[in-house]
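K.L.:
no sequence on this one, just coordinates:
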């Protein structure tokens, strides 16, 4: 029986207008009322998740959120951190050099300075808009070795980012967890960070095992949590590689896919029809 549901945001929980539909809201509330823990598991920072946490009434000390693709897991009400991994300024300096060589822009989330970029660009503006955060221009060569960076991202037009990924130095994939969260976003996390680690850390806190966990997603940054989950749900709009690892294919994010997945795999098992 599913006791924990972890939901990706963009392309999964949210429709293309970045909204939670009434049917999806209702399914989540019914799952909560049945004692199932629901958690948002996103690449976004907490600032970009808070409006949705409030809408779904996931704001108490007994509610949790997984942000920055699993780099940070915390209680929503108190902010208590139960899992955290970060990169540092040296990583930012190193990756900025690679970004320049590959012809892409770079930005990062700094514990001290918020959203930072080395050079103003349209894709960092998208990040800023999605999460309601201001952007500061910072020379990444000037970052201090101990500056805490939660994640670092290469950003560019899709075709340019495709080429950059094809030419990414192999050692970077050993040094970092590298995931593509959108056609124009490539993310670098601490090598011990991913959504799967975040969900597993939370499951351990709740005394649950993987067979009691359902995860839903659509993109490469959801891969690790789908690998962990007892029930891996991919959206109809998901990348083919994500669909291939799923136990269940839900309708798309434009068709209340999360609601259907919860109704059929959680609510119907709690209250089966006769």
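P.N.:
Ah, there it is. On a predicted model such as this, the values are computed, not experimentally measured, just so you know.

K.L.:
List the residues that contact residue 227.
P.N.:
The contact partners of residue 227, taken as C-beta atoms under 8 Å, 6 or more residues apart in numbering, are 196, 245. Heads up, the C-betas are built off the backbone N, CA and C, glycines and all.

K.L.:
Kindly recompute the last result at 6 Å.
P.N.:
Shown in contact with residue 227 (C-beta atoms under 6 Å, 6 or more residues apart in numbering): residue 196.

K.L.:
So it lies in a strand, does it not?
P.N.:
No: assigned with DSSP: H, G, I helix; E, B strand; the rest coil, residue 227 falls outside any strand and is helix.

K.L.:
For it, give me the pLDDT.
P.N.:
On pLDDT, residue 227 comes in at 98.

K.L.:
neighbours of residue 16, just the number please.
P.N.:
11 (other C-beta atoms under 10 Å).

K.L.:
Report how many residues lie close to the residue nearest to it when sequence neighbours are not counted.
P.N.:
In space, and not counting its chain neighbours, residue 16 is closest to residue 254: 5.8 Å by C-beta to C-beta, 6 or more residues apart in numbering. Counted by other C-beta under 10 Å, the residues lying close to residue 254 total 14.

K.L.:
what's the helix or strand for residue 254?
P.N.:
Under DSSP states H and E, no helix or strand contains residue 254.

K.L.:
Tell me how far it lies from residue 237.
P.N.:
Between residue 254 and residue 237 the computed distance is 7 Å (C-beta to C-beta, to the nearest Å).

K.L.:
quick one, helices of this structure?
P.N.:
With DSSP state H as the criterion, the chain has helices at 22-33, 46-55, 89-102, 122-131, 158-166, 170-175, 195-206, 223-228, 240-244, 257-262, 268-270.

K.L.:
Kindly compare burial across those and name the winner.
P.N.:
Of all those, helix 257-262 carries the top mean neighbour count, a mean of 25, counting by mean count of other C-beta atoms under 10 Å.

K.L.:
What are the contacting residues of that one?
P.N.:
Here helix 257-262 makes contact (C-beta under 6 Å, 6+ apart) with 13, 23, 24, 27, 31, 216, 233, 235, 250, 251.

K.L.:
Give me the distance from it to the chain's centre.
P.N.:
18 Å (C-alpha atoms, centre = their mean, to the nearest Å).

K.L.:
Tell me the spatial nearest neighbour of residue 68, not counting adjacent residues.
P.N.:
Closest residue to residue 68 apart from its sequence neighbours, by C-beta to C-beta, 6+ apart: residue 150 at 4.7 Å.

K.L.:
Please look at that neighbour and residue 87 and confirm they touch.
P.N.:
No: at 7.2 Å, residue 150 does not count as touching residue 87 under the criterion of C-beta atoms under 6 Å.

K.L.:
residue closest to the middle of the chain?
P.N.:
residue 42 (2.3 Å; C-alpha atoms, centre = their mean).

K.L.:
Quick one: residues contacting it.
P.N.:
So residue 42 contacts 9, 49 (C-beta under 6 Å, 6+ apart).

K.L.:
okay, residue 269: pLDDT?
P.N.:
What the model reports for residue 269 is a pLDDT of 85.

K.L.:
Roughly how far does the closest residue to it other than its chain neighbours sit from residue 270?
P.N.:
Distances taken as C-beta to C-beta, 6+ apart place residue 1 nearest to residue 269, at 6.2 Å, with adjacent residues excluded. To residue 270, residue 1 is 8 Å away according to C-beta to C-beta.

K.L.:
Residue 248 too?
P.N.:
Distance from residue 248 to residue 270, by C-beta to C-beta: 17 Å.

K.L.:
re earlier: output the helices of the chain as CSV; include the columns distance to residue 109.
P.N.:
Below are the helices of the chain laid out as CSV (distance: least, C-beta to C-beta, whole Å):
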stretch, distance to residue 109
helix 22-33, 27
helix 46-55, 10
helix 89-102, 10
helix 122-131, 9
helix 158-166, 19
helix 170-175, 18
helix 195-206, 16
helix 223-228, 19
helix 240-244, 24
helix 257-262, 26
helix 268-270, 38
